Each structure stands twice: as C-alpha cells, then as structure tokens.
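1. Got a sequence here, can you model it:
(one chain, ligands or ions: 1)
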Amino acid sequence: MKNTFMPQFKNLEQLHHHQLEGLKWSVNHVYNGSKFYKTQFDKAGVKPSDIKSLNDISKLAFTTGKDLKEGYPLPLLSVPEKDVVRIHASSGTTGKRKILSYTQKDLDVWFDMFARCYEMAGLTKDDRVQIAVGYGVWTAGMGFQLGCERLGAMAIPVGPGNIDMQCQFLVDLQSTVFCCTASMALLMAEEVNKRGIKDKINLKKIILGSERCSTAMRIKIKELLGLEDMFDITGMTELYGPGTGLDCYKHEGIHYWADKYILEILDPDTLEPVKDGEIGEMVVTTLSKEAAPLIRYRTRDLTRKITKQCSCGSILPMHDKIMGRSDDMIILRGVNIYPGQIDEVLSSIDEVGSEYQLHLERKDDGKDYMTIKSEIKDGFSLNNAQNIINMIKRNVKTKIMVSCDVKICEYGQLPRVAGKSKRIFDNRD
Ligand code: ZN
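-> Numbers count the residues shown, from 1 in each chain. Alright, predicted model coming up:
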C-alpha cells in the first residue's frame with residue numbers, strides 16, 4: 001500500500017479547513033482543560049468562540065518556554081492526570097527541565113507523523129533502520145524507534161556511541177538506514193572507511209536529527225559511505241518530539257506537517273507576521289494535541305516559509321532550514337540580522353573559512369556600524385584578500401540589505417572554544 005501516512009488533502013483549501021477545525025477544537029480543549037490557558041485567554045480577553053477563521057489565531061496570547069518551566073512538573077496539562085500515559089523531557093542544561101506529557105492519542109499522532117517522515121524519505125517495510133540516537137527520557141530514541149515500528153520497518157535500537165556494535169550491526173544485519181546526529185554520521189563514515197568494511201555494508205540512507213549539518217559535511221559523509229541520500233528530520237520536545245517535518249528527496253525545503261500544527265513566522269521583536277519569505281521566529285499551535293497542547297508557542301527558532309510548492313508534488317508546505325535562535329537577533333539600522341544569515345553568506349564563498357565574528361559599534365555620527373571579521377579558509381592565501389572582502393560586502397548588501405566592513409585574517413587567528421563560540425560583539429550602548 002502506498003502513501004499510508006500522508007494526508008489525503010487534495011488542495012490547500014481542504015488543508016486550511018482541517019486546520020481551522022483543529023484550531024477550534026484546541027482552543028476549546030485548553031480553555032476547559034487547563035487553568036494556565038484559561039487565565040491566558042481571560043487576560044487577552046478572548047473566548048474560544050471568538051476563533052472563527054485561521055486569521056483569528058492572532059487574537060491568542062503567546063506561550064513561552066518560561067511558561068513551561070513555571071508549570072513544572074506537568075506544564076500546560078489540559079487533561080486529567082490519569083489520562084497521561086507517558087512523559088518526556090527536554091535536555092535542558094540549566095535549571096528545571098521542560099517536561100511534556102502525552103496521552104495515548106498524542107503518542108499515536110506522534111508516531112504517525114514520524115512514520116510519515118520515513119515514508120517521505122522513501123523507506124518501506126523492507127528497510128532495516130539502525131537507530132543511533134539517545135534513548136530514555138528524551139524524545140529522540142522513542143520517536144525514531146516507534147515511528148519505525150509504525151511504518152513496519154525493522155528497528156535496530158543501538159543508541160548513541162558504541163562504534164564497535166554500530167559497525168558490527170551494519171555488517172551483520174545489513175542495515176539500510178542509519179539515524180543519528182551529523183557529527184555521529186561523520187564519525188561513522190570515517191570509521192567504516194578506517195575499518196575497511198565499506199564493501200560489506202548495505203547502507204543507503206542517513207536520517208539526521210537535531211544538529212545542523214553544513215553542505216560540505218553532508219557531501220563528505222555521502223561520499224565516504226556511498227549513500228543514495230541524506231535527510232533532515234525536524235522537531236522539538238515541546239511539539240511531540242522529532243518527526244514533525246522532513247526535507248524530501250528534492251531537498252527544496254523542509255516539509256512540515258501542517259495538518260498537525262499551524263506554523264506562523266513572526267518578527268521576534270514586534271511579534272507581527274513577517275512578509276512571505278522573510279526570516280522570523282517559528283511560532284507553533286497544535287491542532288490535536290491533548291495532554292500538553294501548544295497555543296502560539298514561541299520556539300525561538302528562526303526560519304522562513306518557502307512559498308512555492310515542492311516539485312515532488314506534495315502539497316505539504318515547506319520552511320527553510322533553521323537559521324539560528326531569535327535570542328541571537330541583532331537590529332542594525334532597523335534591519336533584523338541573524339548570525340545564520342551571515343553564516344550563509346560566508347559559506348557561499350569558497351575562500352572563506354567557517355570562523356567569523358560580528359562587531360557592532362555606534363560611531364560619533366550616531367549611526368551603527370557592523371564589521372565582519374572572518375578567517376580565510378585553510379590552504380588559501382591572503383593575496384586575494386581585497387577581492388574576497390568586496391565579495392562579502394556585496395553579498396551581505398544584496399542578501400541581508402545592510403552595508404558592513406569586512407576584515408579578513410589568516411586561518412586559525414580567531415579563537416576556538418570547545419563549546420559555543422562567541423560570535424557577536426555588540427559594543428553599542
Ligand atoms: Zn518535496
């Protein structure tokens with residue numbers, strides 16, 4: 001049977017009708033089921049009956065990560081506790097974790113969504129899926145595992161690390177699909193070659209969760225393992241977990257499951273919708289989530305909607321890859337700038353390395369100025385620096401609509417840290 005987990009909508013009109021029904025159901029459900037949400041609605045002066053069209057979503061108050069933490073341990077709970085059959089938690093590093101609860105129906109919806117991801121990646125019951133992500137209270141392991149079982153493929157739940165066992169199963173069980181983070185994929189690709197087992201394995205696809213993967217890294221992994229294709233799965237614990245979207249084999253953007261949640265892209269500063277195709281913060285509203293529904297949840301993740309339909313023929317809409325966090329947004333002369341955009345411009349130029357810094361200052365003329373400090377790529381010389389500087393300036397101007405100064409330095413001159421590098425130096429008051 002084909003297309004088992006795909007929605008059966010024939011056009012966007014049907015999809016939007018379904019979304020409106022889901023939105024109406026959700027606002028009624030949370031208003032009657034959750035003290036937190038009822039207070040939110042009352043404060044905003046909104047009743048569930050005020051939601052008559054999809055545009056009315058703008059009347060609803062936002063939900064934030066802070067609300068989840070304040071509601072610890074079972075935030076946003078909108079069903080009786082006895083109906084909760086499972087909890088998962090985010091891997092927050094500081095303070096209280098975000099705990100999300102699930103009813104049986106929530107789990108069913110989640111695994112259907114995940115099975116849809118596998119299906120869109122072209123997997124069938126014949127596939128053997130080796131899962132090398134974390135199991136336990138995190139959503140990753142359970143999502144990849146039960147989504148795989150829902151599809152009917154064979155799951156091989158090895159978990160993260162354990163390179164010996166990973167290699168052994170790749171050979172002995174002839175796994176066709178490997179699920180992991182980008183850095184794990186690169187590690188495995190190198191291990192497989194180091195051990196000389198490339199001819200003995202049957203790996204065709206890699207599905208990546210959670211971590212951004214540069215184009216260069218992707219090409220390297222694909223070549224080292226001789227893969228047919230690689231896919232990115234999106235998701236976050238608040239919104240079920242991984243499995244809420246996937247870039248199809250055309251790789252024109254990330255299809256997201258708009259029949260399960262509404263995606264708004266808003267200016268993180270004004271909280272108004274950005275123009276079509278502009279970058280903003282992803283704000284999600286679930287359409288059938290029971291235990292911990294999200295109403296206009298601010299994810300802090302930045303992306304843009306892709307307005308054209310995918311050439312694969314699916315009507316499921318797409319967003320671009322995640323460009324960073326809205327907390328990192330800079331406003332320069334009235335223009336919103338995200339480090340991810342600078343990243344994108346720099347990585348499109350061959351001679352430029354991956355390390356960079358942004359320096360912002362306010363000069364005597366009262367205006368703000370930005371300087372991009374970037375390294376040249378390893379093995380390139382600075383002889384051509386002026387050309388590279390001009391290229392960066394031009395690309396920043398056309399793609400981000402701001403002027404900047406550029407300084408290019410030798411490879412290895414900018415500081416390296418084990419954790420997250422500090423890239424933004426805002427010296428304005
Ligand atoms: Zn597509």
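
2. Note down every partner strand of the helix or strand bottoming out on mean pLDDT in the chain and its orientation.
-> For the chain, using mean pLDDT, DSSP states H and E, the weakest element among its helices and strands is strand 324-325, scoring a mean of 82. Strand pairing for strand 324-325, determined by DSSP bridges: strand 297-303 (antiparallel).

3. The partner strand: what's the following helix or strand?
-> Beyond strand 297-303 on the C-terminal side, the first helix or strand identified by DSSP states H and E is strand 305-306.

4. what mean pLDDT would you report for the helix or strand that that next one is followed by?
-> Scanning the chain past strand 305-306 towards its C-terminal end, the next helix or strand to appear is strand 318-319 (assignment: DSSP H and E). For strand 318-319, the mean pLDDT works out to 96.

5. packing partners for the longest strand seen in the chain?
-> As far as residue count goes, and with DSSP state E defining each element, the longest strand of the chain is strand 352-362. Secondary-structure packing of strand 352-362 (3 or more CB pairs under 8 Å, 6 or more residues apart in numbering; DSSP states H and E): strand 330-332, helix 339-347, strand 368-376, strand 424-426. In this view, the C-beta of every residue, glycine as well, is placed from N, C-alpha and C.

6. Those: which one's closest to the ion?
-> helix 339-347 (21.2 Å; CB to the ion).

7. The closest one packs against which elements?
-> Applying 3+ CB pairs under 8 Å, 6+ apart, one finds that helix 339-347 contacts strand 324-325, strand 352-362, strand 368-376, helix 385-400.

8. again, 7 Å this time
-> Helix 339-347 makes packing contacts with strand 352-362, helix 385-400 when contacts are defined by 3 or more CB pairs under 7 Å, 6 or more residues apart in numbering; DSSP states H and E.

9. if we can go back for a sec, can you put the helices and strands packed on strand 352-362 in TSV and add mean pLDDT?
-> Compiled in TSV, the helices and strands packed on strand 352-362 are given as follows (pLDDT from 0 to 100):
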stretch	mean pLDDT
strand 330-332	88
helix 339-347	85
strand 368-376	93
strand 424-426	90
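
10. With distance to the ion and mean neighbour count as new columns, can the ones you listed be given to me in TSV?
-> Shown next, in TSV, are the helices and strands packed on strand 352-362 (distance: least, CB to the ion, whole Å; neighbours: other CB atoms under 10 Å):
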stretch	distance to the ion	mean neighbour count
strand 330-332	32	17
helix 339-347	21	19
strand 368-376	34	20
strand 424-426	34	14
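
11. Report the rounded mean pLDDT for the longest strand of the chain.
-> For strand 352-362, the mean per-residue pLDDT is 89.

12. now swap in stretch 378-393 and tell me
-> Stretch 378-393 shows a mean pLDDT of 91.

13. List the buried residues for it?
-> Neighbour counts over stretch 378-393 (16 or more other CB atoms under 10 Å) mark F380, A385, I388, I389, M391, I392, K393 as buried.

14. do you know how far the spatially closest residue to Q309 that is not a sequence neighbour is from the ion?
-> By the measure of CB to CB, 6 or more residues apart in numbering, the closest residue to Q309 outside its immediate chain neighbours is I315, 6.7 Å from it. I315 sits at a distance of 10 Å from the ion (criterion: CB to the ion, to the nearest Å).

15. same thing with D269?
-> Going from D269 to the ion by CB to the ion gives 32 Å.

16. pretty sure V335 is in contact with V402, am I right?
-> Yes - the pair V335 / V402 is scored as a contact, 5.1 Å apart, by CB atoms under 7 Å.
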